[in-house]
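> Predicted model and sequence follow; I will ask about them next.
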Amino acid sequence: QGTTSTVIAQVSSDLSKINDLSSYYLLHPSLLDACLHPLLALLPGNDTTFLPISIQKFVSSTNKNLSSSSNVEMRGNYHDNVCGLSQERTYSCDLIVLSSGDKNSPSPSSPSSEEEEILCSFEGLVIQQIQGARAGRWTLEKSIFDKLNAAVDLPNVDHDEHLNVITKDYCMKRTWIDSPTITSIADLLPSPEQILKSDINTVTNQDLIESIQPFNELAACYARMAIEGLNIKNIDHQYHPLFNACQSLASMLTEQVTLHATKLRLMNLFNRFSHLKPLLISLDNYGLCLKEVFSGQQSGIDVFLGNNETEQTLQQIKSIISANKIQTLFGAIGQHLQHQFDQNTNESLSDRRLRIFWIAYGEHLDVLPVLQLLLKLSNETNLWIDLHYMESDPAQLTHAEQLFQTHLAGQTHLSIIYEQTSDLFNSESLGKIPVESFDIVFAANKLQGSENLKKSLIDLRRLLVPNGLLLLLELINVPLYFDLIFGLL
């Protein structure tokens, strides 16, 4: 008897043929095997061969042998409805085996519980169709093993065709090649103390050094025009620090300040420091808005982040300030590894790999000098280098890939993986990267974009191998005129 998911069957045995019932198994293997057969009654394509492959739990519920009863009953219940599932190869079910004195199967709705006793139960029994035995095919087409067995005793028969099929379909094939073991280079990296001793804070950009004084004077001109005639008591409390900074800047000047004179000063600085144009643009944009912000006519945030062009200018400013530090930082790491190579009497680093995770935002031009440094290090020491470059702007990522590829022609020891993500500090994005995947994790001026700084640092730390370096550059010691640029925040 059966429905779409339940089957009930009865198995009979003739105990009179057994001479010594005392030696009869409590649960004979042949009996258990017979109890599994009725499960196939509900499966479509009953000419298919199935085998039990796993049992989650088996419980024996009796302590007596079967000499008291010649009949057992099996009740099985599939976990899913098996009707119409002819494409499925695996089925899960539960079943119980009971003793029964009646050779006729009782009705499922009214079992004769007085005569029944649970002998054993199966939970999570899985049966699976054996490979090559599909419904409707078993009796029509022989398997490759049947064909080989049928021909094995025939003289002068070429078995290569059958053997090739078996080798292809059933045997594992070696698909890898031998290669030397490549280990992390983290144990050879310099310590943070060694990096800080390498003059990383030295400013090598001469324009930045020479521009500090004239840029401070330009900021003082805007500051004096902004605070002229204003009283700090009439200014919103959140802008008091900015107002005080403007007073400090304005005190630097002794001459009269006019808008015309300030514009002339700005044009002269444009001509003198063309590479620092983003700084001058920001000074002019924000300096002209200071008076309106102090008087409450405009919001500092709206002025600071008013459009995409302003945000791009700010990013350029950050790159100008941090570009030389990035080069100095990786230069110090490269010199240390080169020193390790020289100390080992030029022993090759071909069994070592340096893996770098770079969190970027439009600074691919700043990465290029570092890339050239890494290429030089790899060529001289045979060090393997992997650079994982993550960028939030897809257009900038495309530009970076095009720029970097022009320098990677013919390179075999340095590879770059490019990844675009909408949020550089998204836990889900970082969580897809395996733990301890990198020797160095680097980011410049990115932490201000994190909503949860502590969690972001934890997420980045999990990516590092032991002794790895988490390198984060942020603007801290900056000239006075930066108070005018970033004070609107």
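Cool, the structure landed.

> Break the chain into its domains for me.
6-129, 143-175, 185-489 (automatic domain parsing).

> any chance of those domains in a markdown table, with mean pLDDT and mean neighbour count too?
All C-beta atoms are positioned from the backbone trio N, CA, C, and that covers glycine. A markdown table is the format used below for those (pLDDT from 0 to 100; neighbours: other C-beta atoms under 10 Å):
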| stretch | mean pLDDT | mean neighbour count |
| --- | --- | --- |
| domain 6-129 | 68 | 15 |
| domain 143-175 | 72 | 11 |
| domain 185-489 | 81 | 16 |
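
> which residue is nearest the middle of the chain?
Geometric centre of the chain, nearest residue: K432, 1.7 Å, by C-alpha atoms, centre = their mean.

> what's the distance between that residue and D393?
Distance of K432 to D393, computed by C-beta to C-beta, to the nearest Å: 20 Å.

> just checking, G334 touches L375?
No. Taking C-beta atoms under 8 Å as the definition, G334 is not a contact partner of L375, at 10.5 Å.

> any chance you could map the helices in the stretch 151-300 of the chain?
Using DSSP state H, counting those that start in this stretch, the helices of the stretch 151-300 of the chain run over 160-170, 192-196, 206-227, 240-250, 259-272, 277-287, 290-294, 300-304.

> And the fifth one, how far out from the chain middle?
Taking C-alpha atoms, centre = their mean, to the nearest Å, one finds helix 259-272 lying 50 Å from the centre of the chain it belongs to.

> Report all helices and strands that it contacts.
Secondary-structure packing of helix 259-272 (3 or more C-beta pairs under 8 Å, 6 or more residues apart in numbering; DSSP states H and E): helix 206-227, helix 277-287.

> Restricting to C-alpha, output stretch 355-365 in PDB.
C-alpha atoms of stretch 355-365 as PDB (Å, rounded to 0.1, in the frame of the first residue of the first chain):
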ATOM      1  CA  ARG A 355      50.800  40.200  -1.200                       C
ATOM      2  CA  ILE A 356      49.400  43.800  -0.900                       C
ATOM      3  CA  PHE A 357      45.800  44.900  -0.500                       C
ATOM      4  CA  TRP A 358      45.500  48.500  -1.700                       C
ATOM      5  CA  ILE A 359      42.300  50.400  -0.800                       C
ATOM      6  CA  ALA A 360      42.100  53.200  -3.400                       C
ATOM      7  CA  TYR A 361      39.900  56.100  -4.400                       C
ATOM      8  CA  GLY A 362      41.100  57.800  -7.600                       C
ATOM      9  CA  GLU A 363      44.800  57.900  -6.700                       C
ATOM     10  CA  HIS A 364      46.100  55.600  -9.400                       C
ATOM     11  CA  LEU A 365      48.600  58.300 -10.500                       C
END
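
> Now tell me what touches that stretch from outside.
184, 312, 315, 319, 323, 367, 385-393, 396, 399-400, 403-404, 424, 433, 437-444, 446, 463 (C-beta atoms under 8 Å, 6 or more residues apart in numbering).

> do the same with stretch 186-203
Contacts with stretch 186-203, where a contact means C-beta under 8 Å, 6+ apart, come from 209, 324-325, 328-329, 331-333, 335-337, 340, 352, 439-440, 465-469, 477.

> Pull the CA coordinates from it and hand them back as CSV.
The C-alpha trace of stretch 186-203 is given here as CSV (Å, rounded to 0.1, in the frame of the first residue of the first chain):
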residue,chain,number,x,y,z
ALA,A,186,55.8,38.7,6.2
ASP,A,187,58.6,37.5,8.5
LEU,A,188,61.1,39.6,6.5
LEU,A,189,59.1,42.8,6.5
PRO,A,190,60.4,45.7,8.6
SER,A,191,58.7,46.5,11.9
PRO,A,192,56.6,49.7,12.3
GLU,A,193,59.5,51.2,14.4
GLN,A,194,61.9,50.6,11.6
ILE,A,195,59.6,52.2,9.1
LEU,A,196,59.1,55.3,11.2
LYS,A,197,62.9,55.7,11.5
SER,A,198,63.2,55.9,7.7
ASP,A,199,62.4,59.7,7.5
ILE,A,200,58.9,58.9,6.4
ASN,A,201,57.7,62.3,7.6
THR,A,202,60.3,64.2,5.5
VAL,A,203,58.6,66.3,2.8
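
> begin at 14 from here
From this message on, residue numbering opens at 14, which makes the last subject stretch 199-216.

> before we move on, back to that, out of the helices and strands packed on helix 272-285, flag the one nearest D107.
In terms of C-beta to C-beta, the element of the helices and strands packed on helix 272-285 nearest to D107 is helix 290-300, at 71.4 Å.

> From the contact counts, what lies against that closest one?
With contacts taken as 3+ C-beta pairs under 8 Å, 6+ apart, helix 290-300 sits against helix 219-240, helix 272-285, helix 313-317, helix 321-356, helix 494-499.

> what's the angle from that helix to helix 219-240?
Angle, helix 290-300 to helix 219-240, by axes from the mean of the first three to the mean of the last three C-alpha atoms, to 10 degrees: 10 degrees.
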